[in-house]
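Trainee: Below are the sequence and a predicted model for it; my questions follow.
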Amino acid sequence: MSAPTRSVEAAAIADAYSLGPGPWNITPVTRGALGQVWRLTGAGSSWAVKEMLFGCDEDQVRKEAELRDAAEELGISAPRLHTNRDGAHVTRLETSAVKLYDWVEGSAADPSDPAILDWFGRTAGIVHRAGAGAEGPVADWYERCPDDAEWRELGEKVRRAGLAWADELDRFVKGVVPELSAWVIPAGDAELVMSHLDFQPQNVLVGPAGPVLLDWDNAGPIAAEQELARALFIWSGANEPDPERARRIVRAYRAAGGPGVIRGTRSFSMLLATALNYVRVQADCAVDPTVTEEQRAFGAEQAVHFMRVIPRLDAVDVLAEAAAEAS
């Protein structure tokens with residue numbers, strides 16, 4: 001997919017959202033797994049433009065907007081998702097599907113800062129309250145992972161492509177995948193919440209008025225305990241867990257009325273499912289002839305990196321114990 005780098009595309013975005021005559025400039029900010037973020041500037045103002053690299057589900061964007069607005073009513077700060085002049089949250093240009101947000105100035109959140117951990121635990125609890133009573137189904141991404149045949153097919157494709165990490169992928173599939181996939185358990189009858197589904201420090205900016213939660217794109221139903229467990233791993237040091245960070249988050253979450261209760265290793269199902277699925281999807285992208293060379297290179301880099309930092313069950317057990325102590 002072409003990136004909106006030409007001035008005519010910047011002008012087209014500005015026109016779609018009735019931002020004024022410009023002149024307009026658009027510059028790259030960061031690339032994520034699903035989209036490229038750009039900064040659109042002109043007329044003394046800035047906006048964040050998210051270009052969706054793999055298409056855009058408008059029903060998903062509606063969920064994003066509804067949850068973001070409900071959380072804001074409960075005091076969560078998040079960038080506004082703008083509608084275009086036709087009242088839609090997604091604008092389809094000639095080469096792109098884009099969304100427009102308020103631009104947020106701020107610094108990266110420090111997950112070792114006790115005040116940030118308190119904020120995050122409270123925020124997760126509030127978001128889960130805002131999304132209470134959700135209905136499924138939960139997307140397979142969060143509660144299922146590839147079967148043996150899918151992993152085998154992937155390994156064959158990577159080897160045929162002659163990629164240097166084919167042996168590493170084989171070892172990963174034979175050793176790590178069976179151990180982790182055994183703990184990937186669908187939520188079943190668990191009480192679901194509509195939630196953010198991507199609680200990471202990199203999705204938080206600390207501005208003059210305090211932390212702002214970004215990237216609500218993945219909003220959907222999930223078991224609250226599973227999202228809380230995944231967040232504990234990410235915010236508490238990952239495979240080098242800090243139990244006190246985890247306890248602090250859980251205490252703040254519970255104080256905010258968060259409904260999720262971690263019940264041991266099984267509560268980390270979402271963490272393990274998403275970690276395995278991410279490796280699989282990025283490795284598949286690395287050998288996909290229909291995407292750009294840049295996207296294949298990104299996929300290869302991500303697959304190798306995340307095989308090496310995949311969650312370990314001993315770290316998960318430490319966090320489960322810390323959560324139990326704080327509940």
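Mentor: All right, it came through fine.
Trainee: how about the strands in the stretch 151-300 of the chain?
Mentor: Using DSSP state E, counting those that start in this stretch, the strands of the stretch 151-300 of the chain run over 192-195, 204-207, 210-213, 220-223.
Trainee: ugh, wrong one, the stretch 1-150 of the chain
Mentor: 25-31, 35-42, 45-52, 91-92, 97-102, 107-108.
Trainee: in the chain, which residue is closest to the centre?
Mentor: In the chain, the centroid-proximal residue (Cα atoms, centre = their mean) is Asp198; its distance is 3.2 Å.
Trainee: mind checking pLDDT for the closest residue to Gly258 other than its chain neighbours?
Mentor: With Cβ to Cβ, 6 or more residues apart in numbering as the criterion, Gly258 has its nearest non-adjacent residue at 3.0 Å, and that residue is Gly125. From N, CA and C alone the C-beta is placed, and that goes for glycine too. Listed pLDDT for Gly125 reads 97.
Trainee: and Gly125, how many neighbours?
Mentor: Using other Cβ atoms under 10 Å, the number of residues around Gly125 comes to 24.
Trainee: Please list all residues in contact with it.
Mentor: 252-258 (Cβ atoms under 8 Å, 6 or more residues apart in numbering).
Trainee: Arrange those residues in TSV, one row each, with pLDDT as further columns.
Mentor: Shown next, in TSV, are the contacts of Gly125 (pLDDT from 0 to 100):
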residue	pLDDT
Ala252	99
Tyr253	99
Arg254	98
Ala255	98
Ala256	97
Gly257	97
Gly258	97
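Trainee: Okay, and which of those map to helices?
Mentor: The helices, defined by DSSP state H, take in 252-255 from those.
Trainee: Can you report how many residues lie near the closest residue to Ser269 other than its chain neighbours?
Mentor: Among residues not flanking Ser269 along the chain, Ile185 sits closest, at 4.7 Å (Cβ to Cβ, 6+ apart). Residues near Ile185, counting by other Cβ under 10 Å, number 19.
Trainee: re earlier: among the ones in helices among the contacts of Gly125, who's most crowded?
Mentor: Tyr253 leads these on contacts (other Cβ under 10 Å) with 29 neighbours.
Trainee: quick one: low-confidence ranges for this protein?
Mentor: 1-8, 33 (pLDDT under 70).
Trainee: tell me the contacts of the residue nearest to the centre of the chain?
Mentor: Taking Cβ under 8 Å, 6+ apart, one finds 215-218 in contact with Asp198.
Trainee: ok, and what's touching stretch 140-158?
Mentor: 165-166, 169-170, 173, 177, 180-181, 184-187, 197, 220, 222, 226, 269-270, 272-274, 276-277, 280, 283-284, 286-287.
Trainee: Distance check, the nearest residue to Val279 once chain neighbours are set aside against Gln282.
Mentor: In space, not counting the residues next to it along the chain, Val279 is nearest to Phe306; the distance is 5.1 Å by Cβ to Cβ, 6+ apart. For Phe306, the distance to Gln282 (Cβ to Cβ, to the nearest Å) stands at 7 Å.
Trainee: Equivalent analysis for Leu271, please.
Mentor: 17 Å.
Trainee: One more: Glu9?
Mentor: When Glu9 is compared with Gln282 (using Cβ to Cβ), they lie 27 Å apart.
Trainee: next one: Asp189
Mentor: 32 Å.
Trainee: These two: which is more packed in?
Mentor: Gln282 (22 against 8).
Trainee: isn't that one right next to Ala303, touching?
Mentor: Yes - counting by Cβ atoms under 8 Å, Ala303 is a contact partner of Gln282 at 4.2 Å.
Trainee: Using CSV, write down the CA coordinates of stretch 194-205.
Mentor: What follows is stretch 194-205, C-alpha atoms only, in CSV (Å, rounded to 0.1, in the frame of the first residue of the first chain):
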residue,chain,number,x,y,z
MET,A,194,-15.4,-4.5,26.0
SER,A,195,-11.8,-3.3,26.4
HIS,A,196,-8.8,-1.7,24.9
LEU,A,197,-6.9,-5.0,24.2
ASP,A,198,-3.5,-3.3,23.8
PHE,A,199,-2.5,-2.0,27.2
GLN,A,200,1.3,-1.3,26.7
PRO,A,201,3.5,1.5,28.0
GLN,A,202,4.3,2.5,24.4
ASN,A,203,0.6,3.3,24.0
VAL,A,204,0.8,5.9,26.8
LEU,A,205,2.1,9.4,26.5
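Trainee: Just the buried residues of that stretch, please?
Mentor: 194-199, 203-205 (16 or more other Cβ atoms under 10 Å).
Trainee: any idea how far that stretch is from the chain center?
Mentor: Distance, stretch centre to chain centre, for stretch 194-205: 6 Å (Cα atoms, centre = their mean, to the nearest Å).
Trainee: Stretch 242-252 too?
Mentor: With Cα atoms, centre = their mean, you get 21 Å for stretch 242-252.
Trainee: quick one: contacts of it?
Mentor: Applying Cβ under 8 Å, 6+ apart, the set of residues contacting stretch 242-252 is 111-112, 114, 117-122, 124-125, 228, 231-232, 235-237, 262, 318-319, 321-323, 325-327.
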